[in-house]
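Peer 1: show me how the following folds:
(2 chains)
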Amino acid sequence: MNSSLKENINQLKKMFNNSADFTVRDMKLKSQLKLNAAVITIEGMCSKEVVAISVINPLLEYDFEYAKPEKVFELIEKTVLTSSEIVEVNSIDEVITFSTSGFAVIAVDGASKMLAIGTQGFSFRGVNEPESEVVQRGSREGFTEPLRINMTLIRRRIKSPDLVFETVTVGSTSQTQMMICYLQKRVSENILEEVRKRLASCDLKTVLASGYLTDYLEDRGAKSLFSGVGISERPDTVCGKLTEGRVAILVDGTPAVIIVPHLFVEEFQSVDDYSSRPYYAAFVRILKYISFFAAVFLPGLYTAFAQFHPEYFPTGLLIKTSEALLQTPLSVTFEVILITFLYEIMREAGLRIPKPLGHAVSIVGALVIGESAVSAGIISSSSLMVVAAAAICSYVTAALYPPIMVLRFAFVIVGGIFGLWGIVLLACILLINMCGKTSFGVPYMSSLAPFSWRRMRDVFVRDGWRKLGKHTIKIQKFPETEEYDA
Amino acid sequence: MRNSKSRFSQMMIALFVAMTGIILIQNYTFIYKSYMSGVLSVIIGLAVFLIYIIPTRIISRKTDLSFIDFARRETPSATVFLSMFYALYFVYATVNFLLNYSSVFTSTGNRKDAGFVVIFILLAVCVFASTRGIGAVARCSLFIFAFAVIAFALIFGGNISHLDFSGFKLDFDGAQLQYGSAVFAMTAFAAVIFGFFEYNGRTRTRSIVFLVCGLALLLMIIVFFVFFALGNYGAMQNYQIFVLSKAADFGNAVGIDSFHLSLCAMSVFILVSLCLICIGRVVNKNENVWCMSVFAVISYLLYLTADYYNSVKEIILNPYIFGIFTALASFAVPMIYITLFRRRLNA
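Peer 2: Purely as a prediction, here's the structure:
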C-alpha cells in the first residue's frame, strides 16, 4: 500500500468508480505536524452514529503533538480508539473487503497501513421463526441474513471451545464471506478437508445464496434427483447435526445454512420428533415415510391399474372408477398428467403472487378446475382425488418436494405406457440411483442401506433419550463410509 | 475402499434375492406328485450350492483374493481363455434367465407385449445398474429383500385357509426327485457370483449359513404350500408361486399376483445386473458402461435367436446343461486351480 493518503484515496475512488455510497471523511488531526487523515466507509453498511462517536470524535479530539505518521497510527490503534474490533489492514484489497463489510477504515497520511474498525450497522431482518421449518415444541429462533448473527445463534447453543468457525471467502466479484462451522472433537478431518477443498474449487464470480454452492459440494459422479447437501434455517437443527460430526457452512446474506454430509433418512426427521414422546415421534415418522411413497407412487399406480390392471381395484371401487373414467374424453394417463401439471402451475402461481391475490388463485383452482371440470365431464373425480391426495402427501416432507414432483410425473408416464411392470423397473432405477449416491463418502441411503440396527433407533422410530443419549452418533462411523473403511 | 462386514452381509442378501429370482421364474409342475421328493430336491439343490462355494471359499480364505483375481495372478497367460469361458457362461446364464422371465411375463401377466421389447428395456436398466457398481446393487437388493419378505408373507398368509392335509402320503417319486433337484440346483448359480466377490478376511461363515437356511426355509414353505394349499389341480398349473399368489385371499380381496409379478421383475433385475457386473470383472472393465452395453447387446441377440429358434431355446433352458456348466464354472475350474497351485495357496 502506498503511504500517500491522497494516492490511496484516489486509487480506491477509481476502483469503486466513484460509486455514490463510497464515502470519504477527510480530516485534519490535532497535530503539530498538521497530519491529514481520512475515514473510509460505505454508506448504509455502517452505523453513522457509531462512526461519529467511536471513530471521528476521538480522532479529532486527541492531541498527537509531534508524533510522526507511524507513531500516530500506533497511538490511534492503542490509545485513541475505544472500539473492541480493530484490524490492521495492509492492502487495498483488504480495505475493500472490510469497508464493504461495514467497517470504517482509517487512513493516515504518511502511514503505509490502515486500520479497520468494526462499526457495522446495516439494517437486517430480525430473528424470526423460519416459515419452512415450523415446529410445535422447540425454539422459535431461525437464522437470519447477517453472518455474525447466525454465528451467535449457534454459539449460544454450544458454549464450548470445541465449536470452531473458519472464515472462507467465495465469489471473485461478490466476495461473499462464509463460515465453516464444526465441533473439533467430533468432526472427521477427512470430511472437513474435503469441504475446504470443494469450497476452494468454487470459481463463481457471484455467490448470493447457499444454493449456489450445493453443486460444488455434491460428490462427483453421483447425479441424482436427491441432494446430498442438507439445508436448514434452524440453529437447533444445525447444532444437533454438528454434534454428530457434521460440518455446517454459513453463507453471509442467506438464512439457509448448508449441512454436510446429508442422508436420505434425515429428510424425515424434525426437531419436534425429539421434543415429543417416542411413540408419537415414531408414529409421525412412519406417517412421513408413507406420505413420501404415496406422493411418488400413488398417481403412477392409479394410472397403471386403471389402464392395464383394472382387476386389482376392489369391485365397488372398480365400478365407480370405470363409470367416472367412461364419462371423460381423455385417457387416464393424459388426464392425470394434465391435472398434475395444472396443479403445479397453480402451486407456483400461489407461491409467487402477492398474498392478497392468493385467495383468487385458490378460488379459481378449487371451483373452476376442481368442481367445473368434473361436472363438465372433462376430468374424472377419481383422478382428481388421487392427484390431490398425492399433492397433500408431498407437503409432509416439504424438503423432498422437487424430487417428488419429477418422480411423480415420471411414474405416471411410465405407468401409463408399461403398466405395473414399468413402475417396478423405474423404482429399481430410482433405488439403484439412490443407493449408489454418496454424500462426502457416506452412502446416501445409510441406516437403511447399508442397514444398521444401531442407527435404526432414530430412523423409523425414535428411542427414548435415555437410550439415544448413551450412544453418540458420528457420521464418519456409519457403515461403508469411505473414511471409516480407509 | 476395503470390504466390510456389512458389505459382505449385503452381498449375501443380493445373492438371496438373485436365488429367489431363479426360483420365481422356474416352471416346476412336478411338486404335486410327491411331497417328500419335493422337500428332498430342495435339500439336494441347496447342498449343491454349498458344495460349489467350497473351492472359491478356500481360495479367498488362504489368499485374500477372489477366485478370478487369484487365477489372474497365477496364470496370466491363461487369463484370456478363462475370461472367455466365464464371459460365455454369464451370457448363457443371462439369456437363460431372460428367456424364463419373458415366459413368466407373457404367460402370467395380463400384458400381451412383445417379449423382446420387455427384455430390451430390462437389459437397459440392468446395464445402468451394473455401471453403478456392486455396492449400489447390493444396497438396492436390501429393499428388494424387504419387499420379498412382505410379498411372500402375504402370498403364504393368504393361502393358510386353503391348506388341506388329507391327501398326504409318505412316498417318493424318483423322476420328480431327479428333475426337481436339477431345477433347485440352478440356485447354485449364485455360487459362481459368490466366487467373484468373496475376498478379504472379513467374510463371515455365519452370513452364508443364514443365506442357505433362509433360502431352504423359503423353498420348503413354497413346496409345502404348493402341495397342501393348491391341491392336485392347482399344482399341475404352470408357475405355481404365481398360482399361489393368485389364489391368496384376505376376506373380500382375492389375488395378489401383482406382488408376484413385481417381485419377479425386481429379482431378475438384480440377477441380470449381478451377471453383468461379473462379466465386467471377468474382462477387467469394472463399471464400464461400454463393456456392459456390448455384453448386454450380445445377450439380447442370443435371446432373440433363442426366441426364434426352438432348438437354441431348448439348449439354453435345459437345466442339466445349465447344471453342468455351473459345476464347471463354480467348482471344477477353481478346484483345478487349487490342485495346481496348492503350494502357493499355502504359502
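
Peer 1: now A:Trp421: closest residue in space, sequence neighbours ignored.
Peer 2: Residue nearest to A:Trp421 in three dimensions, not counting chain neighbours: B:Ala265, with 5.9 Å by Cβ to Cβ, 6 or more residues apart in numbering or on different chains. Backbone N, C-alpha and C define where each C-beta goes, glycine included.

Peer 1: is it true that the one you found touches A:Leu425?
Peer 2: Yes: if you go by Cβ atoms under 8 Å, B:Ala265 and A:Leu425 touch, sitting 6.4 Å apart.

Peer 1: between the two, which contacts overlap?
Peer 2: Common contacts of B:Ala265 and A:Leu425 (Cβ atoms under 8 Å, 6 or more residues apart in numbering or on different chains): B:Leu122.

Peer 1: if you count what's nearby, which of the two comes out ahead?
Peer 2: B:Ala265 (27 against 22; other Cβ atoms under 10 Å in any protein chain shown).

Peer 1: A helix includes that one, no?
Peer 2: Yes: counting by DSSP: H, G, I helix; E, B strand; the rest coil, B:Ala265 is located in a helix.

Peer 1: what's near enough to touch it?
Peer 2: B:Ala265 makes contact with A:Trp421, A:Val424, A:Leu425, A:Cys428, B:Tyr101, B:Leu122 under the criterion Cβ under 8 Å, 6+ apart.

Peer 1: how much space separates the first one from B:Ser262?
Peer 2: If I follow you right, that is A:Trp421. A:Trp421 sits at a distance of 8 Å from B:Ser262 (criterion: Cβ to Cβ, to the nearest Å).

Peer 1: looking at those two, which one has more neighbours?
Peer 2: Taking other Cβ under 10 Å, A:Trp421 and B:Ser262 do not tie; A:Trp421 has more neighbours (25 against 22).

Peer 1: wait, is that one part of a helix?
Peer 2: Yes: looking at A:Trp421 with three-state DSSP, it is inside a helix.

Peer 1: quick check: buried residues in the helix or strand containing A:Ile413?
Peer 2: Using DSSP states H and E, A:Ile413 falls within helix A:401-418. For helix A:401-418, a neighbour-count test (16 or more other Cβ atoms under 10 Å in any protein chain shown) marks A:403-405, A:407-416, A:418 as buried.

Peer 1: let's have these in a markdown table, adding distance to B:Ile270 and pLDDT.
Peer 2: Shown next, in a markdown table, are these (distance: Cβ to Cβ, whole Å; pLDDT from 0 to 100):
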| residue | distance to B:Ile270 | pLDDT |
| --- | --- | --- |
| A:Pro403 | 23 | 95 |
| A:Ile404 | 25 | 96 |
| A:Met405 | 28 | 95 |
| A:Leu407 | 21 | 96 |
| A:Arg408 | 25 | 96 |
| A:Phe409 | 26 | 95 |
| A:Ala410 | 21 | 96 |
| A:Phe411 | 21 | 96 |
| A:Val412 | 26 | 96 |
| A:Ile413 | 24 | 95 |
| A:Val414 | 19 | 95 |
| A:Gly415 | 22 | 93 |
| A:Gly416 | 26 | 92 |
| A:Phe418 | 19 | 89 |
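
Peer 1: for chain B, state which of those residues is nearest.
Peer 2: Distance to chain B, by Cβ to the nearest Cβ, is smallest for A:Phe418 among the buried residues of helix A:401-418, at 7.7 Å.

Peer 1: give me the distance between the closest one and B:Phe143.
Peer 2: 20 Å.

Peer 1: with A:Leu208 instead?
Peer 2: A:Leu208 is 39 Å from B:Phe143, where distance means Cβ to Cβ.

Peer 1: more crowded one of the two?
Peer 2: Using other Cβ under 10 Å, the more surrounded residue of A:Leu208 and B:Phe143 is B:Phe143, with 21 against 14.
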